[in-house]
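Novice: Dropping a prediction and its sequence here:
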Amino acid sequence: MAYAYLFKYIIIGDTGVGKSCLLLQFTDKRFQPVHDLTIGVEFGARMITIDGKQIKLQIWDTAGQESFRSITRSYYRGAAGALLVYDITRRDTFNHLTTWLEDARQHSNSNMVIMLIGNKSDLESRREVKKEEGEAFAREHGLIFMETSAKTASNGRRGIY
Ligand code: GTP
Ligand code: MG
């Protein structure tokens, strides 16, 4: 299909935080309950319309496992934006954000927009990271912030979906 603009986005963050599920909800509007470990990098696309113009979003879903880190670094180039994802039920995924941010800043264009995503907001009873902590981290590092659920598609439409 013809499009006026093409934007590339990259999704990063620890393994199991729900990166692939966020992408699947965005492209296919469905949820994958099983952890289908991403190997290297996968890719999805969706067309959106803004001001009557067709825009193609090309989204690179990277592998969170440590052993794929060097592969991930080679995908930052040319990205207009990055979704940096952590899991609100696993504090360690929040603690690793600084490392992810360093990687992202070092290997991307200086004008790449980074959005911090606290995913799995449907699991309130298992929450380990307060929403305020996510907000504070985002404020401190100049990131956009949002909590989401790839399961319920919460914060869809007007949010990231
Ligand atoms: P890697 O590919 O290894 O880097 O992991 P990933 O970040 O892509 O994780 P993935 O999307 O495969 O999700 C990991 C697990 O978390 C799966 O079992 C998902 O079903 C589950 N999951 C993802 N998002 C959510 C969510 O918003 N809520 C709940 N309850 N579970 C989720
Ligand atoms: Mg994945």
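Specialist: Perfect, thanks for sending it. Ligands and ions are numbered 1, 2, ... in the order given.
Novice: For Arg73, give its distance to ligand 2.
Specialist: Remark: distance between Arg73 and ligand 2 (Cβ to the ion, to the nearest Å) = 17 Å. In this view, the C-beta of every residue, glycine as well, is placed from N, C-alpha and C.
Novice: Do I have it right that that residue meets His107?
Specialist: Yes: look at Arg73 against His107 with Cβ atoms under 8 Å: they come within range, at 4.9 Å.
Novice: Contact residues of the chain facing ligand 2?
Specialist: 19-20, 38 (Cβ under 5 Å from the ion).
Novice: Please name the nearest non-neighbouring residue to Ile144.
Specialist: Spatial nearest neighbour of Ile144, chain neighbours left out: Met115 (4.4 Å); criterion: Cβ to Cβ, 6 or more residues apart in numbering.
Novice: for Ser108, that is, sorry about that
Specialist: Distances taken as Cβ to Cβ, 6+ apart put Tyr76 closest to Ser108, at 4.1 Å, once the chain neighbours are dropped.
Novice: What number of neighbouring residues does that neighbour come out with?
Specialist: 21 (other Cβ atoms under 10 Å).
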